[in-house]
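> This is a predicted model, with the sequence first.
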Amino acid sequence: MTYSDPDDPAPPARPSVRPFLQSGPSSVGGYRPTPSGEPPADDQATTLRPFVITSGRTDGADPEIGMETQVTVNHAATPMRLSPEMRAIVALCGDPLSVAEISARLRLHLGVTRILVGDLRAAGQLDVHVLDNETPDPETIMRVIRGLRAIT
Amino acid sequence: MDFEQSPDHFVGTARVGGRGAPKKAPVPVKIIVAGGFGVGKTTTVGAISEISPLTTEAEMTSESVGIDNPGQATMKTTTTIAMDFGVLTIDQTLKLYIFGTPGQSRFAFMWDDLIKGALGALVVVDTARIDDCYPAVDYFERAGLPFVVGVNTFNGQMNYSLEEVRWALAVRDDVPVLSFDARFRASVRDALLVVLDQALDKAIRARST
């Protein structure tokens, strides 16, 4: 496993830059892969290899489930026995959360996260909010433009 | 300001709490920030995101475009890459995600999952290494995704004028080439607004046909 681009230009100390931009191992916001290509073994949420968590599957993630797709807990679901990773996903999704955020917070590979979210959806534990139309309509884009203009 | 209807209901004079109506999930939209290694993609994402940029690992299928061996058949390889992303809440029902894609020189990345449903892309360029962004430009042109070329002036200087950058990249006339500073939120915001402008044009065109 190699990380071909940690994309860490290591900017020199600049007091005007927000602190987390001066990235380093201690920066907030989850782990960053080490440029040496060695997976940070002690920093993993789980020591299992990814295909163990997904019961051997390496693909088959639902194409409807994108990185930004919002996921919430289905409160009406009947409790069932879940793997630790699945329990962690359900515990995170009290408020709507994207698949990418789940992946980052649990330090689970994105592909693994997508498969597990798909399984939890099939089991009725999670609601996956798939958009009706894939490409955003002009009204939505206008709202993004207005919202972006409003920030300073 | 809209007031949500209270989930509580009344039985006689007693007020019975609602069961905590499930929050409606916001609609996610996304913009891609692409470019070569170390051009300031993570800085760009961090400048505009309301959270510290998060990192996720993803599989990327790469297809060698045969720069080194033009005669050879293309070879597909799978690489695990780290991807940074940020979030900006527009309002309670709309969230903007900004995904920074790793630069893969000599690979045309085939990341259809990433651009599916994306509004558009900002290709970040360092004028000292213009060719680093070629794969991203090639990819977005082929995918038909609206994109904008943003020259990052993080070192306070540009080795080439915007016209020269446009000439070097040979992008279509309707692709904006602009300069911005990835360290400053307002500058990144303005660059993203140009991307959204392109996205809006495309969406309106798509609707009228």
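Now that the structure is in, tell me what you want to look at.
> Ignoring the adjacent residues along the chain, who's closest to A:D119?
A:M86 (7.2 Å; CB to CB, 6 or more residues apart in numbering or on different chains). (Glycine included, C-beta is placed from N, CA and C.)
> tell me, how many neighbours does that neighbour end up with?
19 (other CB atoms under 10 Å in any protein chain shown).
> now swap in A:L82 and tell me
16.
> So it is in contact with A:G124, correct?
No. Using CB atoms under 8 Å as the test, A:L82 is too far from A:G124 to be in contact (11.8 Å).
> Okay, now the unreliable bits of chain A?
Scanning chain A for pLDDT under 70 picks out the ranges A:1-51, A:55-61.
> As a check, name the ranges of all helices in it.
Secondary structure of chain A, counting by DSSP state H: helices at A:50-53, A:84-92, A:99-106, A:110-122, A:138-150.
> Turn the ones you listed into JSON lines, including distance to B:A136.
Listed next are the helices of chain A as JSON lines, based on distance: least, CB to CB, whole Å:
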{"stretch": "helix A:50-53", "distance to B:A136": "28"}
{"stretch": "helix A:84-92", "distance to B:A136": "32"}
{"stretch": "helix A:99-106", "distance to B:A136": "20"}
{"stretch": "helix A:110-122", "distance to B:A136": "20"}
{"stretch": "helix A:138-150", "distance to B:A136": "22"}
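> Quick check: bridge partners of B:L94?
B:V27, B:D91 (DSSP bridges).
> so what's it up against?
Contacts for B:L94 (CB atoms under 8 Å, 6 or more residues apart in numbering or on different chains) come out as A:T140, A:R143, A:V144, A:G147, B:P26, B:V27, B:V29.
> Please identify which of the helices of chain A is closest to B:P53.
Smallest distance to B:P53 across the helices of chain A (CB to CB): 9.2 Å, for helix A:99-106.
> in the sheet, who's paired with the most centrally placed residue in chain B?
Centroid-nearest residue in chain B: B:I32, 1.3 Å away (criterion: CA atoms, centre = their mean). Note on B:I32: beta-bridge partners by DSSP bridges are B:F99, B:A121.
> hang on, the earlier thing: could I get the contacting residues of the residue nearest to A:D119?
Contact analysis of A:M86 by CB under 8 Å, 6+ apart lists A:L116, A:D119, A:L120, A:Q125.
> Now do it against A:P96, distance only.
Going from A:M86 to A:P96 by CB to CB, to the nearest Å gives 18 Å.
> coming back round to it: please indicate which of the contacts of B:L94 has the highest neighbour count?
In terms of neighbours by other CB under 10 Å, these top out with A:V144 at 25 neighbours.
> Quick check: that residue touching B:L119?
Yes. If you go by CB under 8 Å, A:V144 and B:L119 touch, sitting 7.2 Å apart.
> Where does the record place the domain boundaries for chain A?
A:1-43, A:46-152 (automatic domain parsing).
> can you give me phi and psi for B:T153?
Note on B:T153: backbone dihedrals following degrees, to the nearest 10 are phi -100, psi 40.
> what about it, how many neighbours?
By other CB under 10 Å, the residues close to B:T153 number 17.
> go on, B:D174?
Counted with other CB under 10 Å, B:D174 comes out at 8.
> now it: how far from B:D197?
From B:D174 to B:D197 the distance is 11 Å (CB to CB).
> Show me the common contact partners of the two, please.
Counting by CB under 8 Å, 6+ apart, B:D174 and B:D197 have no shared contacts at all.
> Mind jotting down where the helices sit in chain B?
Using DSSP H, helices in chain B cover B:41-48, B:112-115, B:134-143, B:162-169, B:185-208.
> Make TSV out of those helices and add mean pLDDT and mean neighbour count.
Formatted as TSV, the helices of chain B follow (pLDDT from 0 to 100; neighbours: other CB atoms under 10 Å in any protein chain shown):
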stretch	mean pLDDT	mean neighbour count
helix B:41-48	93	28
helix B:112-115	79	18
helix B:134-143	87	19
helix B:162-169	91	15
helix B:185-208	94	18
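> any chance of those helices in CSV, plus distance to chain A?
Compiled in CSV, the helices of chain B are given as follows (distance: least, CB to the nearest CB, whole Å):
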stretch, distance to chain A
helix B:41-48, 5
helix B:112-115, 7
helix B:134-143, 12
helix B:162-169, 20
helix B:185-208, 4
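> can you put the ones you listed in TSV and add distance to A:V52?
Below are those laid out as TSV (distance: least, CB to CB, whole Å):
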stretch	distance to A:V52
helix B:41-48	31
helix B:112-115	23
helix B:134-143	33
helix B:162-169	45
helix B:185-208	40
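> Let's see the distance spanning stretch B:127-137 from one end to the other.
Its start and end residues considered, stretch B:127-137 measures 15 Å (CA to CA, to the nearest Å).
> chain center to it, what's the gap?
The chain centre lies 16 Å from the centre of stretch B:127-137; the measure is CA atoms, centre = their mean, to the nearest Å.
> Kindly report the same for stretch B:86-97.
Averaging C-alpha positions (CA atoms, centre = their mean) puts stretch B:86-97 14 Å from its chain's average.
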